[in-house]
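Peer 1: Take a look and give me a structure for this.
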Amino acid sequence: MAAPLIRTPHQVTSDIRLRLDDALRRAGFDAEPSVVTVGEVEGVKISRVRIPALSLSQARWLAGKLGGQVSGTAQPTASVVRKELDGALRAAGVIAQPSEVVVTTLLTRRENKLIPPSLSIGQVMRLAMILEGCLGGGTDEVSC
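Peer 2: Residues are numbered from 1 along each chain as shown. I've put the predicted structure just below:
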């Protein structure tokens, strides 16, 4: 009889991160892959997933896919888009720290980017299931 496979929290988080990236890609999302971060809280190592910095249009797209309210404004401010994404995450049952707005400069071009909060394993799993169509934006679950 083979010994049971023991997996570290980092390995589990990495697998779930790949599932989220795959769900995003299949839903039409075009961005850098997410990354696994490891932090320490009160002496306990915590593995989390960080979605890459998003352009404002990517953040609005993600908010819409999660069932959030997206304003009809053609050129919304970064602060409005941040509120839309954070609201969509909350509506999807993902309670996390607020997203952050950063300004990136590439040569002479400046652009606002949104950095979504780092997410726990359960939160990433929930987002992946919503994007895969297994869950609605609410709490009703469908097997997947």
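
Peer 1: Let me see the ranges of the strands in the protein.
Peer 2: For the chain, the strands defined by DSSP state E occupy 35-41, 44-50, 54-55, 100-106, 109-115.

Peer 1: Quick check: beta-bridge partners of Ile46?
Peer 2: For Ile46, the beta-bridge partners are Gly39 (DSSP bridges).

Peer 1: Tell me which residue is most central in the protein.
Peer 2: The centre of the chain sits closest to Ile51, judged by Cα atoms, centre = their mean, with a distance of 4.9 Å.

Peer 1: Now do the contacts for that residue.
Peer 2: Leu20, Ala31, Ser34, Pro116, Leu119 (Cβ atoms under 8 Å, 6 or more residues apart in numbering). Every residue, glycine included, has its C-beta placed from N, CA and C.

Peer 1: just to revisit the earlier point, just the strands of the chain: most buried one?
Peer 2: strand 54-55 (a mean of 18; mean count of other Cβ atoms under 10 Å).

Peer 1: in its sheet, what does that strand sit against?
Peer 2: Applying DSSP bridges to the sheet, strand 54-55 is found paired with strand 109-115 (antiparallel).

Peer 1: avg pLDDT for the strand it pairs with?
Peer 2: Average pLDDT, strand 109-115: 87.

Peer 1: Alpha carbons only: can I get the lengthiest helix in the chain in CSV?
Peer 2: If you go by DSSP state H, the chain has its longest helix at helix 9-26. The C-alpha trace of helix 9-26 is given here as CSV (Å, rounded to 0.1, in the frame of the first residue of the first chain):
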residue,chain,number,x,y,z
PRO,A,9,0.1,24.5,2.3
HIS,A,10,2.2,26.2,-0.3
GLN,A,11,1.7,23.4,-2.8
VAL,A,12,-2.1,23.4,-2.2
THR,A,13,-2.2,27.2,-2.6
SER,A,14,-0.2,26.9,-5.8
ASP,A,15,-2.6,24.4,-7.2
ILE,A,16,-5.6,26.6,-6.4
ARG,A,17,-3.8,29.6,-7.9
LEU,A,18,-3.4,27.7,-11.1
ARG,A,19,-7.1,26.8,-11.1
LEU,A,20,-7.9,30.6,-10.7
ASP,A,21,-5.6,31.6,-13.5
ASP,A,22,-7.1,28.9,-15.7
ALA,A,23,-10.6,30.1,-14.9
LEU,A,24,-9.7,33.7,-15.6
ARG,A,25,-8.0,32.7,-18.9
ARG,A,26,-11.0,30.7,-20.1
